[in-house]
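Asker: below: sequence and its predicted model.
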Amino acid sequence: MRAPMQTGDGLLVRLLPAGPTKLKAFAGLCTAALTHGNGAIEISARGSVQVRGLTPVSAPLFAAAVSALRIDLNDGVPIISDPLPEEPTSLFDSSALATELRRAIATAALRLAPKVSVIADGGGRLHLDALNADIRVRAVAAANGPLLRMAIAGDDATASPLGTVAPEEACATVLRLLAAIAAHGPEARAMDVLRGHGIEAFQDAISTPHAFEPSLPRRLPAEMIGTHSLDDDLYALGVGLTFGHAEAGTLRALTDIARAHGGLWARPAPDRALLLGPFQRPTVKTVRDEAQRLGFAVDPSDARRRIVACPGAPSCASGLIAARTMAADIAKSVELPGQGIAVHVSGCAKGCAHPAPALLTIVGTAQGCGIVHEGTARGTPLAYAAPASLVEEIDRIIEMQETVDA
């Protein structure tokens with residue numbers, strides 16, 4: 001478990017489970033968040049669990065409580081693997097590779113920047129294409145079994161490809177790539193090395209590259225929310241936390257419902273989701289209905305899934321607006337055009353929750369709610385609105401843009 005970070009509502013602890021967590025242990029984590037924090041739990045865009053509202057006194061007690069739960073945590077270089085346990089459509093067991101990598105990296109004792117990360121993608125339907133990483137490993141089909149495509153610095157579309165290796169070569173190859181980054185100093189990232197020294201700085205790490213396509217066909221976006229089939233006629237359920245946030249008591253209630261219906265594990269997943277399972281066909285619908293009753297998003301078309309919001313005021317000391325309250329109002333009242341993330345509500349210009357551009361970014365400023373069109377929280381607002389008139393102003397801008405596009 002990494003060191004706590006100071007936020008507006010106290011200390012925040014981020015945990016990255018290394019695999020599925022037993023439901024009893026996940027319920028214990030919720031209880032620890034209630035006992036030692038302010039009861040707020042978040043799941044981030046990358047699938048980390050964040051517990052808020054700890055204090056210098058309670059943080060060590062929380063750490064001890066989590067340690068007693070014996071949850072397998074990724075405390076070193078973040079290695080994000082397929083979120084769905086035993087993914088039936090995967091070409092390769094990325095979880096096994098992730099476990100091997102964690103051990104090898106710990107033994108190598110490389111000095112790496114804290115944010116250096118690795119993606120291990122088994123090629124299944126719940127893929128990890130949208131996540132940025134310093135090193136990407138993706139299983140691709142080949143005549144004699146899967147090969148692993150290596151790429152650096154980016155998401156699946158933007159990372160620079162290096163070649164493909166056999167599965168048994170993957171761990172050693174990633175270790176050499178990490179060593180190539182570490183050779184440029186303890187603050188270096190793959191992108192820094194790439195910009196300063198070119199792709200040649202990494203090519204020696206691929207000892208026996210196989211022939212490969214420089215660019216692979218784009219896959220449809222992975223959708224974590226919904227019912228996912230597993231082997232043996234079993235199912236997993238993916239639910240979304242509203243703007244990535246839930247009360248620990250509510251999350252514990254969902255965990256208890258999942259256990260009562262035969263579930264065994266929970267797995268935080270990218271895109272601020274939680275996967276639960278396995279369930280029989282009749283019970284997965286019951287758990288889904290109960291999750292919806294508790295306020296979780298169970299349908300990919302839920303409007304709340306198209307809005308990103310940070311905690312905002314008063315939870316964050318930098319927040320100038322109540323970002324999540326405003327996001328909820330927008331989800332209820334505004335018909336959002338297009339696909340994907342449409343609105344980002346940011347308490348301040350840092351834009352922590354969504355650094356990428358959005359159709360509309362609402363940012364807290366001294367002048368009120370700044371509205372940035374097709375930009376980030378650091379962009380120049382085209383208009384300002386008071387919180388009470390924000391929804392009306394957003395409707396006006398969307399209507400105006402639709403008229404221009406027509």
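Answerer: That came through fine.
Asker: show me the residue at the heart of the chain, geometrically.
Answerer: Nearest to the mean C-alpha position of the chain, by Cα atoms, centre = their mean, lies R46 at 1.7 Å.
Asker: what about E86, how many residues nearby?
Answerer: E86: 16 surrounding residues under other Cβ atoms under 10 Å. Just so you know, the C-beta spots here come from the backbone N, C-alpha and C atoms, and that holds for glycine as well.
Asker: still on that earlier bit, can you pull the contacts of the residue nearest to the centre of the chain?
Answerer: Residues near R46 by Cβ atoms under 8 Å, 6 or more residues apart in numbering: P78, I80, L131, P270.
Asker: what's the answer for M5, then?
Answerer: Applying Cβ under 8 Å, 6+ apart to M5 gives the contacts L11, L12, V13, R14.
Asker: how many other residues sit next to the nearest residue to A297 once chain neighbours are set aside?
Answerer: The shortest distance from A297 to any non-neighbouring residue, by Cβ to Cβ, 6 or more residues apart in numbering, is to G240 (3.4 Å). Other residues lying near G240 total 25 when counted by other Cβ under 10 Å.
Asker: which phi and psi does G240 have?
Answerer: When read as degrees, to the nearest 10, the backbone of G240 gives phi -100, psi 140.
Asker: run through the bridge partners of it.
Answerer: A273, A297 (DSSP bridges).
Asker: hmm, back to that, could you measure from the residue nearest to the centre of the chain over to K350?
Answerer: In this structure, R46 and K350 are separated by 17 Å, where distance is defined by Cβ to Cβ, to the nearest Å.
Asker: just T376 next, same as before
Answerer: In this structure, T376 lies at 10 Å from K350, with Cβ to Cβ as the measure.
Asker: ditto for M224
Answerer: 26 Å.
Asker: which of the two has more neighbours?
Answerer: For M224 versus K350, the count of surrounding residues by other Cβ under 10 Å is larger for M224: 23 against 16.
Asker: so which strand or helix has the more buried one?
Answerer: Under the assignment given by DSSP states H and E, M224 is not contained in any helix or strand.
Asker: next one: it from M326, what distance?
Answerer: For M224, the distance to M326 (Cβ to Cβ) stands at 24 Å.
Asker: got it, and D72?
Answerer: When distance is defined by Cβ to Cβ, D72 is 37 Å away from M326.
Asker: got it, and P88?
Answerer: Here the criterion is Cβ to Cβ. By it, P88 lies 40 Å from M326.
Asker: the two: who's more crowded?
Answerer: Shown here are P88 and M326; by other Cβ under 10 Å, M326 has more neighbours (23 against 13).
Asker: and that one, what does it touch?
Answerer: Contacts for M326 were tallied using Cβ under 8 Å, 6+ apart; they are A309, G312, V345, I362, C369, P387, L390.
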